[in-house]
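Trainee: Can you look at this prediction? I've put the sequence above it.
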Amino acid sequence: MARHDKKAKKNSSSSNRPKSKDELSTNSAGSDSSALQRAGFVRRLLAMIYDTLVATAVGMCAAMVMIITLVVMLKNGALDLQGYAEPADLIQASSGYKLLIQTWVGLWIAGFFLWFWRRGGQTLGMRAWRLRIYSTVEEPMSWPRLFIRLVASLGGLGTLLVLFDYKNKQSLQDRLAQTEVLKLTKEANDHKSW
């Protein structure tokens, strides 16, 4: 009887231990994520608003770095001004430079989401609203699956499917990437549990 109590105590304390990256992103039958509920639309929307603000800041910083780099290179003659008096005029008129800046910013914003999802299953907005991504299959979260999730979100529109899927509460990106977004307890969301 005492041995059974020790085993039960050990199992209950093991759910509070820090989890490895693979354990955080895999929802196996024996994980503590099975007791958590899937997140509803409102909580996801609030996390998306928070993440949009952070992603906007990331994009602005990335654009600033690229624009400053281009201006310095154009001023110092590393790139041709093509007859324009100022680098800003060339950048405004050139489709190539605009595309370069937009691609650069897009890569940084995509990297923001992918990096946070891979590192702990949460972006900053998801952490603030106690949400985490888990895998619904018995394999760890991979970069290709996370990329599918990012593309399938359609800039957040994929989450609208949660409004119509009352029973499963899964978005388009959840279905295609075989993931789920769970609402965490305060203890599970604590940074010591990472």
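Mentor: Perfect, thanks for sending it. Computed from a prediction, not measured in an experiment: that's the story for all the values here. Numbers count the residues shown, from 1 in each chain.
Trainee: buried sites along the helix or strand encompassing residue 188?
Mentor: Here residue 188 sits within helix 186-189, counting by DSSP states H and E. For helix 186-189, a neighbour-count test (16 or more other C-beta atoms under 10 Å) marks 188-189 as buried. Where C-beta positions appear, they are placed from N, C-alpha and C, glycine not excepted.
Trainee: what does stretch 146-159 give?
Mentor: For stretch 146-159, the buried set under the neighbour-count rule, 16+ other C-beta under 10 Å, comprises 146, 148-150, 152-153, 158-159.
Trainee: now stretch 92-110
Mentor: 97, 101, 104-105, 108-109.
Trainee: centroid residue for the chain?
Mentor: Among the residues of the chain, residue 113 comes closest to the average C-alpha position under C-alpha atoms, centre = their mean, at 3.1 Å.
Trainee: And that one, how close does it get to residue 164?
Mentor: The gap separating residue 113 from residue 164 is 24 Å, by C-beta to C-beta, to the nearest Å.
Trainee: So, low pLDDT: which residues of the chain?
Mentor: Low-confidence regions of the chain, defined by pLDDT under 70, span residues 1-34, 191-194.
Trainee: what about the strands in it?
Mentor: For the chain, the strands defined by DSSP state E cover 37-38, 131-135, 179-183.
Trainee: Out of those, flag the one nearest residue 168.
Mentor: Residue 168 sits nearest to strand 37-38 of all the strands of the chain, at 7.2 Å, using C-beta to C-beta.
Trainee: Check the offset of the closest one from the chain's centre.
Mentor: Between the centre of strand 37-38 and the centre of its chain there are 18 Å (C-alpha atoms, centre = their mean, to the nearest Å).
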